[in-house]
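# Test case, fold it:
(2 chains)
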Amino acid sequence: MNILTAPIIVAVLSAILATIIVIIDGIVNNYGEVTININGKKDLKVKGGSKLLTTLSEQKIFIPSACGGRGSCGMCKVKVISDVGPILPTEAPLLSKEEISKNIRLSCQIKIKSDIKIEIPEELFSVKKYKGKIVSIKDVTHDIKEVRIELPEEIEFKAGQYAQLIIPPYDKIKESVQRAYSIASKPSEKNIVEFLIRLVPKGIATTYVHTKLKENQNIDLIGPFGDFYVRETNADMICVAGGSGMAPIKSIIYDMYEKNIKDRNIWYFFGARSLKDLFYLEELRKIEKELPNFHFIPALSEPSPEDNWKGEVGLITDVLNKYLKENQNHKEGYLCGSPGMINACVNVMTKNGIKQEEIYYDNFA
Amino acid sequence: MIPNINPFILFFAAIFTSNILLANFLGMCSFISVSKDEKSSNGLGIAVTFVMTITTTINWFVYKYILVPFKLEYLKYIVFIIVIAAIVQILEMLIERVSINLYMALGIFLPLITVNCAILGVALFMQLRNYSLIQTIFYGTGSGLGWWLAIVLLSSIRKKVDKAPVPPALKGPGITLITIGFMAMAFIGFSGMLNVQ
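The predicted model follows:
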């Protein structure tokens, strides 16, 4: 009997305190019904007291957020027109001075307490949550998997955009997480999205995809997001991507191939260390033959002797520099990869006369 | 046995002669990290005083009417901490509703009060020294005010020190710890007036 007294007393005391907290929370955090006005057009009646990001997602409006609302990725930026209080310490490091002056806030950090007016890009209205099913998982290199997911309904996206995979809790990971991956499939395949996912050591999502995910399994995703897509100009497109950065570029090239676009030059520089890091070579070379304005330039920085490599050798930035110097047409840059690679390529491009504002990239740091 | 001390003397002693920070060295981490500016120091000082007064009083009741009758005195550490955590949570909700500016000024330090050892320390001293309810309330409030006084003093001193030509190796935490040492020595001067244990 005595053994039970201590746990019971602690449990009862904790229960009483928890009840008091719940009651006070109910009274203090009751902000009643509030209205969210979006872009001056749409009014949403919601229950006040929660974060803007979660409230909007409950209303089926999905703001991109790679960290799922923990205030660490800084992607869920929203323009808030009404006063919601000063910038929070959790927001400050992720907002630039210019953004602060334009009333940009992190939607995962601000709480809705009264009627609020916000502005979000119109295309976010087409963002949906999909219940996908894995149709195939294939190894394309030793550390990159091609994952194809079938969707129950059609998805509309522009080649180059990305979606967020929702990784359920597994092993020691107790909460579900969201991670952004570029869509590698063509926009015309409306019931399929394909991703190229490279295994990141100790990465929560990539480890799950590489070790747990099996064919026929269900997985949820939210999308499409992003402003990385082909701009409608006549400039030569200079695409640079290595490894899993191939994904959006592949989508863009396959889309242009399908649409048989012949009046625009497309250069694709694919950087890798050795032959084992290259993939989709045959497919891309086949497109190169059929689409005369498409030029595919794979380059190896450290080819091993057994690779018997006859193509370009050297860092992708050096190869890029060489080709940019030869060709003086009006050019636009499309980059996908690590921040280091992007910075290096932007440098080379701007030095060769491509304007900074005409270089587009998705930076998944 | 309840010690025979006038609650007002206890109150005075808690602020000056047995200052929880400068005589007992409890609650140092938030003391050093928040004392960079006066505004947050004041905010945290108010919050600590408030939490200390309330939790010490509640813990007095919990100890006397729950732990002692059931002979569960050994559970005081866990029970006191549960009470402190709950009160801080409630306080956080109230401050957010009432004054968003204070809430913002306190930032992450408000939830951190939960693990501020000064709060637990005062509750444990109150129990150890067998204070009566009135003595407990005065002691809790006094300790809170003492903590508040110390952090505000330190933030003011740091403001001066920041502009002083401090050797580079001592900048930041180094000179702050030295400053705290001097402050503690200065507060020892008060102990000549009265000494309450």
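# elements contacting the worst-scoring helix or strand of chain B on mean pLDDT?
None of the helices or strands of chain B scores lower by mean pLDDT, DSSP states H and E than helix B:100-106, at a mean of 73. Judged by 3 or more Cβ pairs under 8 Å, 6 or more residues apart in numbering or on different chains; DSSP states H and E, helix B:100-106 is in contact with helix B:38-62, helix B:76-98. No exception for glycine: its C-beta is placed from N, CA and C like everyone else's.
# got the contact list for it?
Helix B:100-106 has contacts (Cβ atoms under 8 Å, 6 or more residues apart in numbering or on different chains) with A:85-86, A:88-89, B:39-40, B:43-44, B:46-47, B:92, B:95-96, B:110.
# if we go to 10 Å?
Residues outside helix B:100-106 that contact it (Cβ atoms under 10 Å, 6 or more residues apart in numbering or on different chains): A:84-89, A:111, A:113, B:34, B:37, B:39-44, B:46-47, B:91-97, B:99, B:110, B:112-113.
# List the buried residues in stretch A:301-317.
A:301, A:303, A:309, A:311-312, A:314, A:316-317 (16 or more other Cβ atoms under 10 Å in any protein chain shown).
# now stretch A:246-259
Buried residues in stretch A:246-259 (16+ other Cβ under 10 Å): A:246-257.
# next structured bit after the least confident helix or strand of chain B?
Following helix B:100-106 in sequence order, the next helix or strand is helix B:109-112 (DSSP states H and E).
# Identify the residues contacting that following helix?
With Cβ under 10 Å, 6+ apart, helix B:109-112 has contacts from B:29-30, B:33-34, B:40, B:43-44, B:47-48, B:51, B:85, B:88-89, B:91-92, B:95-96, B:102-103, B:106, B:116.
# wait, residue A:314 sits on residue A:322?
Yes. Using Cβ atoms under 10 Å, residue A:314 is in contact with residue A:322, at 8.5 Å.
# Can you check which residues contact both of the two?
Joint contacts of residue A:314 and residue A:322 (Cβ under 10 Å, 6+ apart) are residue A:299.
# helices or strands next to the biggest helix by length in chain A in the packing?
Counting residues, the longest helix in chain A under DSSP state H turns out to be helix A:2-28. When contacts are defined as 3 or more Cβ pairs under 10 Å, 6 or more residues apart in numbering or on different chains; DSSP states H and E, helix A:2-28 packs onto helix B:38-62, helix B:76-98.
# Which one, of those helices, ends up nearest to residue A:340?
Closest of the helices and strands packed on helix A:2-28 to residue A:340 is helix B:38-62, at 37.3 Å (criterion: Cβ to Cβ).
# what's the angle from the closest one to helix B:76-98?
Per axes from the mean of the first three to the mean of the last three Cα atoms, to 10 degrees, the angle that helix B:38-62 makes with helix B:76-98 is 130 degrees.
# Show me how far helix B:38-62 is from its chain's centre.
Chain-centre distance of helix B:38-62: 7 Å, with Cα atoms, centre = their mean, to the nearest Å.
# cool, stretch A:200-207 as well?
Counting by Cα atoms, centre = their mean, stretch A:200-207 comes out at 16 Å from the chain centroid.
# Can I get the least confident helix or strand of chain B in PDB, CA atoms only?
Provided in PDB are the C-alpha atoms of helix B:100-106 (Å, rounded to 0.1, in the frame of the first residue of the first chain):
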ATOM      1  CA  ILE B 100       2.900  41.300 -25.100                       C
ATOM      2  CA  ASN B 101       5.800  43.700 -24.700                       C
ATOM      3  CA  LEU B 102       6.900  42.200 -21.400                       C
ATOM      4  CA  TYR B 103       6.400  38.700 -23.000                       C
ATOM      5  CA  MET B 104       8.600  39.700 -25.900                       C
ATOM      6  CA  ALA B 105      11.300  41.200 -23.600                       C
ATOM      7  CA  LEU B 106      11.500  38.000 -21.600                       C
END
